[in-house]
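Colleague: Predicted coordinates and the sequence they were generated for:
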Amino acid sequence: MELTLDNILIALKAAGEETRLRVLALFRSGELTVTELVSVLRQSQPRISRHLRLLCEAGLLERHREGTWIFYRLADSGDKANLVKSIMEYIPYSDQILQHDQERLVDVKKERDKKAAKYFQENAVNWDKIRSLYVAEKQVEEYLLDVTSDMEINDLLDVGTGTGRILELFSSRVKHGIGIDLSREMLAIARSHLEQQKISNMQVRQGDMYDLALKDNSMDLVIFHQVLHFADDPHAAIKETSRILRKNGQVIIVDFLPHKIEKLREEHAHRRLGFSQEEVKEWCSVTGLKYKLMEIMQGSELDIAIWVASKN
Ligand SMILES: C[S@@+](CC[C@H](N)C(=O)[O-])C[C@H]1O[C@@H](n2cnc3c(N)ncnc32)[C@H](O)[C@@H]1O
């Protein structure tokens with residue numbers, strides 16, 4: 001749709017203010033919450049909220065609420081998406097103030113990641129109990145084997161492998177498998193599980209879902225089992241997955257459907273309270289994946305979905 005002069009003026013006026021330009025620049029690295037922006041820009045929450053409201057009203061930012069948190073990101077659909085892209089191209093990376101903001105954002109994210117890492121460090125030993133708290137594990141595992149039964153899987157990647165359960169499950173189905181995880185404590189347990197079971201075609205190593213350090217087009221199947229709700233930027237993780245998938249390779253995401261159990265954020269380091277089908281479809285469409293299906297498994301407190309997509 002073509003923009004009207006009025007619309008362009010509203011958007012440019014919204015962007016044409018120092019703090020709001022700084023805010024826009026910070027969104028280069030993905031979704032952010034008000035609290036994160038407040039920590040980076042060191043301005044009061046009401047002020048930052050007001051800037052965000054203006055940027056949303058002007059169509060430059062989009063927002064979605066999840067429980068008590070609101071996530072903001074650059075508009076990537078709608079009539080202002082191209083305009084905001086063009087504005088972003090003019091914001092210089094080299095500007096000192098903006099560089100300083102970026103550095104603060106890195107610190108704020110590090111602090112947050114440290115909290116999550118601490119959670120996994122402390123809970124590595126108990127993870128196998130925790131993982132079955134909300135999840136109909138057996139049902140999910142049977143489905144995973146079933147939905148991949150006609151695939152020839154030479155190379156499997158399990159992202160956020162934790163204690164390596166998914167590697168164990170697929171060990172007799174695939175030629176080679178690799179599990180990556182940020183947490184050394186989780187990986188130590190995964191290694192000892194694989195050794196105990198004498199599984200030699202699966203290995204684990206430390207790695208980051210945003211930067212997999214794997215070759216393009218090198219995997220047939222990638223699984224995210226109960227991992228993406230810990231992610232800062234699930235969309236970026238799916239983009240990285242699309243890069244390493246072979247043609248016709250599949251990605252399977254197992255995660256919660258949208259829910260309201262806020263305490264999972266405080267007590268179990270969750271960032272996102274589940275995902276909707278629309279959101280997963282959108283990740284696929286912008287990362288060149290073909291969305292295939294969603295299977296829902298109802299739990300007593302939380303419902304789980306299994307999404308399958310493939311690379312064109
Ligand atoms: C809830 S556990 C799930 C483990 C396993 N998939 C399972 O189902 O038992 C999530 C795992 O994701 C890992 N993780 C979190 N952020 C990560 C990242 N950026 N890259 C790789 N692993 C990550 C955590 O260390 C943790 O082991």
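Modeller: Right, received. Where do you want to start?

Colleague: end-to-end on stretch 22-39?
Modeller: Taking Cα to Cα, to the nearest Å, stretch 22-39 runs 13 Å from one end to the other.

Colleague: buried residues in it?
Modeller: Buried residues in stretch 22-39, defined by neighbour count with 16 or more other Cβ atoms under 10 Å: 22-27, 30-34, 36-39. C-beta coordinates here come from the backbone N, C-alpha and C atoms, glycine included.

Colleague: now, which of those lie within helices?
Modeller: Using DSSP state H, the members of these that fall within helices are 22, 23, 24, 25, 26, 34, 36, 37, 38, 39.

Colleague: Can you name the residues that contact the closest residue to the third one other than its chain neighbours?
Modeller: Read that as residue 24. Spatial nearest neighbour of residue 24, chain neighbours left out: residue 15 (6.3 Å); criterion: Cβ to Cβ, 6 or more residues apart in numbering. Under the criterion of Cβ atoms under 8 Å, 6 or more residues apart in numbering, the contact list for residue 15 reads 21, 24, 55, 58, 60, 87.

Colleague: Including pLDDT and distance to the ligand, could those residues go into JSON lines?
Modeller: As requested, those are exported to JSON lines (pLDDT from 0 to 100; distance: Cβ to the nearest ligand atom, whole Å):
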{"residue": "21", "pLDDT": "96", "distance to the ligand": "29"}
{"residue": "24", "pLDDT": "96", "distance to the ligand": "25"}
{"residue": "55", "pLDDT": "97", "distance to the ligand": "28"}
{"residue": "58", "pLDDT": "94", "distance to the ligand": "32"}
{"residue": "60", "pLDDT": "95", "distance to the ligand": "28"}
{"residue": "87", "pLDDT": "93", "distance to the ligand": "29"}
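
Colleague: and the residues you listed, which two are the farthest apart?
Modeller: Maximum pairwise distance among these (Cβ to Cβ): 12.7 Å, between 21 and 58.

Colleague: Show me which of these two is the more surrounded one.
Modeller: Between residue 21 and residue 58, counted using other Cβ atoms under 10 Å, residue 58 has the larger neighbour count: 22 against 18.

Colleague: Could you check how far that one is from residue 251?
Modeller: Using Cβ to Cβ, to the nearest Å, residue 58 is found at 35 Å from residue 251.

Colleague: Show me how far stretch 164-182 is from its chain's centre.
Modeller: Between the centre of stretch 164-182 and the centre of its chain there are 20 Å (Cα atoms, centre = their mean, to the nearest Å).

Colleague: start to end distance for it?
Modeller: End-to-end distance for stretch 164-182, by Cα to Cα: 13 Å.

Colleague: could you point out which element follows the one helix or strand residue 116 maps to?
Modeller: Assigning secondary structure by DSSP states H and E places residue 116 in helix 96-123. With elements assigned by DSSP H and E, the helix or strand that comes after helix 96-123 is helix 127-130.

Colleague: For that next one, list the C-alpha coordinates in CSV.
Modeller: What follows is helix 127-130 as a C-alpha-only set of coordinates in CSV (Å, rounded to 0.1, in the frame of the first residue of the first chain):
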residue,chain,number,x,y,z
TRP,A,127,16.9,-31.3,34.7
ASP,A,128,15.6,-34.7,33.8
LYS,A,129,13.0,-34.3,36.6
ILE,A,130,12.2,-30.7,35.7
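
Colleague: how about that helix: buried residues?
Modeller: For helix 127-130, the neighbour count (16+ other Cβ under 10 Å) marks residue 127 as buried.

Colleague: and the next helix or strand after that helix, what does it pack onto?
Modeller: The helix or strand immediately downstream of helix 127-130 is helix 137-147, counting by DSSP H and E. Contact analysis of helix 137-147 by 3 or more Cβ pairs under 8 Å, 6 or more residues apart in numbering; DSSP states H and E lists helix 165-170, strand 219-225, strand 245-256, strand 289-297, strand 304-311 as its packing neighbours.

Colleague: Relative to the second one, what are the paired strands and their orientations?
Modeller: Pointing back at strand 219-225 there. Here strand 219-225 has these sheet partners by DSSP bridges: strand 155-159 (parallel), strand 245-256 (parallel).

Colleague: so what are the domain limits for this protein?
Modeller: Taking automatic domain parsing as the criterion, the chain consists of the domains 5-122, 127-311.

Colleague: Which of those domains has the highest mean neighbour count?
Modeller: domain 127-311 (a mean of 18; mean count of other Cβ atoms under 10 Å).

Colleague: Okay, now that one: how far is its last residue from its first?
Modeller: End-to-end for domain 127-311, by Cα to Cα: 32 Å.

Colleague: Give me the distance from that domain to the chain's centre.
Modeller: Taking Cα atoms, centre = their mean, one finds domain 127-311 lying 11 Å from the centre of the chain it belongs to.
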